[in-house]
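> Return atomic coordinates for the entry below.
(2 chains)
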There are 2 protein chains.
Amino acid sequence: MSKSILNSLLSIGQQTRTSARQLAVLSTAERDRAIECIAQALEKDAEAILAANKADCLAADIAPALFARLKLDADKLAAGIAGVQDVAKLADPIGQMQIKRELDTDLILERVSCPVGVLGVIFEARPDAVIQIVSLAIKSGNGVILKGGQEALQSCTQLVKTIKEGLKNSAVSPEVVQLLTTREEIRSLLELDKYVDLIIPRGSNSFVQYVQENTKIPVLGHAEGICHLYVDRQVDIKSAIEICIDAKVQYPAACNAVETILVHENIAAEFLPSAVAALQSAGVVVRLDQASHKILGDTKITLATEADWDTEYSDLIVSIGLVASLEEAIEHINIHGSRHTEGILTSDAKAAEVFMADVDAAGVFHNCSLRFADGFRYGFGAEVGISTQKMPPRGPVGLEGLVTYKYRLHGQGQVVATYAGKSPKSFTHRDLI
Amino acid sequence: MSKSILNSLLSIGQQTRTSARQLAVLSTAERDRAIECIAQALEKDAEAILAANKADCLAADIAPALFARLKLDADKLAAGIAGVQDVAKLADPIGQMQIKRELDTDLILERVSCPVGVLGVIFEARPDAVIQIVSLAIKSGNGVILKGGQEALQSCTQLVKTIKEGLKNSAVSPEVVQLLTTREEIRSLLELDKYVDLIIPRGSNSFVQYVQENTKIPVLGHAEGICHLYVDRQVDIKSAIEICIDAKVQYPAACNAVETILVHENIAAEFLPSAVAALQSAGVVVRLDQASHKILGDTKITLATEADWDTEYSDLIVSIGLVASLEEAIEHINIHGSRHTEGILTSDAKAAEVFMADVDAAGVFHNCSLRFADGFRYGFGAEVGISTQKMPPRGPVGLEGLVTYKYRLHGQGQVVATYAGKSPKSFTHRDLI
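All right, here's what the predicted structure looks like:
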């Protein structure tokens, strides 16, 4: 790696850190006002933004699905600006008093939420992401270093220019927002552990994994979404089929889409024929294990291999396997699932309870589609990502993923020696909230 | 690394994981009962435990401070057993409903705390730690793989044997507790990312850093405690000196002990002579920067070098430097501090507020000793460690550091398609708690 890139990144990191510290202590009103200034600037520069995006689109040689994400028309920009204004309206995630406790007379402990510091966000060629990420970052009092997909370079450059112009009218320094423009800078960004507190990588599984393996900075993200639906022996078959279709077809590339359907063998003969027919008419390619293949007796359907149980298709493909019991389904999921979101379809409340307790995943669902696993649907207002790590934040993460807390202890000269040794004074430990 | 060690560890990991899954779904009463059984077994086996420890102590060739930690007499064991019983009395950290929200009619989202899974705890040659760690692990529904310092091998072996005997009388499988006995196994433990969910390393800074750099498993711990006290220009000098002494002398090897005292230049001539004299009579070696050295005019006191500002002495040594302003103190701390615990001593409430807002650390203290930064003193009942990472858990971590949460979504056949596309249904997002 070029040393000059690292040096330039160090200087960007330092600038962002300094400006973010100023941002962190601004009032709620000042931060909300800054977000409003961004919205106004985006409205004012709409023409220049759309023109920059047109240039990106003309130059882009990418698949239609990616092109749809890259393209920013007047409607999408207007929706983005409305989204910015919505973020201003969210409850302030910082300054929340989580604990207030008297340790002893005039010795008061508080735990108060505060910004993380500086975020490094690496995202796809999707210009509207810039708008959302920046507004969430400022709402939560954080500086942000952005790196968007190369195909969106002109759009991102114009957007960040406009955002910085907008911030000039506010109490927030324009330097809290920084844009990296070359791929080479990503590697250097991952080394800025002195200046960057959280990396949020978006994009392909392999990219997220690359980031996780190449930085000491905490990473919010997940590399895989291998999600299951288990169809129990007591089930409303019509509803179960609807849920299977929704969980696969509604957005097959989403991380919360179903990849494997496990079916209790007692219900298989009844469930499989109509379920497979429904999946196939919805355009889904089905792969069956030996047992379900035998039940269906349809030799045209491909057999699943061992690898299928560990595959995130991100496509209109689903594998189906039979299990002899609830326990076998749970065992399969705990081995092959990626701890993202797992569902049981059953009218047996006790089976649902066992499944939800025993399955190890960020989300355990009963009788509904896995696609509900999402920050907006959970009512978090905005989503910064989905985490499949075991420790919190886990699952869809809203603004709370961008804040941390600090302990504030207010004393009047107290020393620990008073509370130690022979005949120590006792703490009162009285909660004040 | 030997392949057979890794294989044996894989098998231990798998066993612990399986037993921990059973533990995770036991009731509060069943877990508390298991902790009670451990206390009874420890009482019953007291003689064997003390004998094993005696053998360890006879064989040990270690420094007196370490020897004091290794030695387990009847009193210390009784205190440990009382501690186990106290853990049973703590509030259950699992099964806590953190969110209950109606997303739409009959579509109810819950966020419920649950165990992390399997903990890997590597600790010093300190047998009483076994008792505390195991009871905290079982209280929080987690399996635990222990590795204690080699000098405590016989004590740890006997303790774990006794604990497993005790668990036989409870609903908890003795296999939730495992003891590793050789140093070589540590490396393998760090590779068990499929079976171990959290590593808690205790011990030297370099050891904790080694662990952080050699595992993909999340690590709860901190490598350094470089903590500061800033003596502002408006200050009660007598109280400030008492706090400086307590923060250094009460337990110099603790991570929350003060390493550097920053003094506002306006108060230096008044503060330094008596403060330095008091520190010296308490046995503290003082290192001064140029400016404070000049004020004191005592040529026998060593000058601090640049390296001093980044050193955790863990000993009766303190560096002292002058600053021209509150801002300079904050800047120094944000550069040289390890984000552990930082204090300001001042009678100026506004200065305290600025310091506590701007200093980036897990703990920011006003007019009290840094040594209060501790889970017991904070009223957490028990402490599993102190975290200096930016993301939660941060600071002293009680039982909450051993639990995570999962989202449970209870539906009645809902699919996402209903809430998407043209004329989508709206979510109600109504909080039920």
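> interface residues of the stretch 151-300 of chain A facing chain B?
A:Asp197, A:Leu198, A:Lys216, A:Pro218, A:Asp236, A:Ser239, A:Glu242, A:Ile243, A:Ile245, A:Asp246, A:Ala247, A:Gln250 (Cβ under 8 Å from any Cβ of the partner chain). (Glycine included, C-beta is placed from N, CA and C.)
> neighbours around the last one, how many?
The reference is to A:Gln250. Neighbour count of A:Gln250, defined by other Cβ atoms under 10 Å in any protein chain shown: 21.
> can you check the fifth one too?
When counting by other Cβ under 10 Å, one arrives at 15 neighbours for A:Asp236.
> That one contacts B:Gly413, correct?
Yes: using Cβ atoms under 8 Å, A:Asp236 is in contact with B:Gly413, at 7.0 Å.
> want to throw the residues of the stretch 151-300 of chain A next to chain B into a markdown table with pLDDT and secondary structure?
Output for those, formatted as a markdown table (pLDDT from 0 to 100; DSSP: H, G, I helix; E, B strand; the rest coil):
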| residue | pLDDT | secondary structure |
| --- | --- | --- |
| A:Asp197 | 94 | coil |
| A:Leu198 | 95 | strand |
| A:Lys216 | 86 | coil |
| A:Pro218 | 89 | coil |
| A:Asp236 | 98 | coil |
| A:Ser239 | 98 | helix |
| A:Glu242 | 98 | helix |
| A:Ile243 | 98 | helix |
| A:Ile245 | 98 | helix |
| A:Asp246 | 98 | helix |
| A:Ala247 | 98 | helix |
| A:Gln250 | 91 | coil |
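> who wins for most neighbours among those residues?
Result: A:Ala247 is most packed of these (other Cβ under 10 Å), 31 neighbours.
> where exactly do the strands run in the stretch 201-350 of chain A?
A:227-231, A:258-264, A:285-288, A:302-303, A:317-323, A:341-345 (DSSP state E, counting those that start in this stretch).
> nearest spatial neighbour of A:Pro93, skipping sequence neighbours?
Nearest residue to A:Pro93, sequence neighbours excluded (Cβ to Cβ, 6 or more residues apart in numbering or on different chains): A:Leu399, at 4.3 Å.
> Could you save the strands of the stretch 201-350 of chain A as CSV and add columns showing mean pLDDT and mean neighbour count?
Listed next are the strands of the stretch 201-350 of chain A as CSV, based on pLDDT from 0 to 100; neighbours: other Cβ atoms under 10 Å in any protein chain shown:
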stretch, mean pLDDT, mean neighbour count
strand A:227-231, 98, 27
strand A:258-264, 98, 27
strand A:285-288, 97, 20
strand A:302-303, 94, 13
strand A:317-323, 98, 24
strand A:341-345, 98, 31
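> Does the strand or helix carrying A:Ala352 pack against any helices or strands, and if so which?
For A:Ala352, the element it lies in under DSSP states H and E is helix A:349-358. In this structure, helix A:349-358 packs against helix A:326-336, strand A:341-345, strand A:363-368, helix B:3-24, with contacts taken as 3 or more Cβ pairs under 8 Å, 6 or more residues apart in numbering or on different chains; DSSP states H and E.
> ok, the one residue in the stretch 201-350 of chain A that gets nearest to chain B - contacts?
Proximity of the stretch 201-350 of chain A to chain B (Cβ to the nearest Cβ) peaks at A:Asp246, 3.5 Å away. The contact partners of A:Asp246, by Cβ atoms under 8 Å, 6 or more residues apart in numbering or on different chains, come to A:Ser369, A:Arg371, B:Val415, B:Val416, B:Ala417.
> what's the third one sitting at in phi/psi?
Here the main-chain torsion angles of B:Val415 (degrees, to the nearest 10) amount to phi -120, psi 150.
> Going along the chain, name the helices of the stretch 1-150 of chain A.
Taking DSSP state H, counting those that start in this stretch as the test, the helices found in the stretch 1-150 of chain A are A:3-24, A:28-44, A:46-59, A:64-70, A:74-89, A:127-139.
> and among those, the most buried is which?
With neighbours defined as mean count of other Cβ atoms under 10 Å in any protein chain shown, these peak in mean count at helix A:127-139, which reaches a mean of 26.
> For it, give the mean pLDDT please.
On average, the pLDDT along helix A:127-139 is 94.
> what about that helix, near chain B?
No: under the criterion of Cβ under 8 Å from any Cβ, chain B is not reached by helix A:127-139; the shortest gap measures 15.0 Å.
> looking at the helices of the stretch 1-150 of chain A, which has the lowest confidence?
helix A:64-70 (a mean of 84).
> Can you give the contact residues for that helix?
A:53, A:56-57, A:60, A:62, A:124-127, A:149, A:151-152, A:155, A:253.
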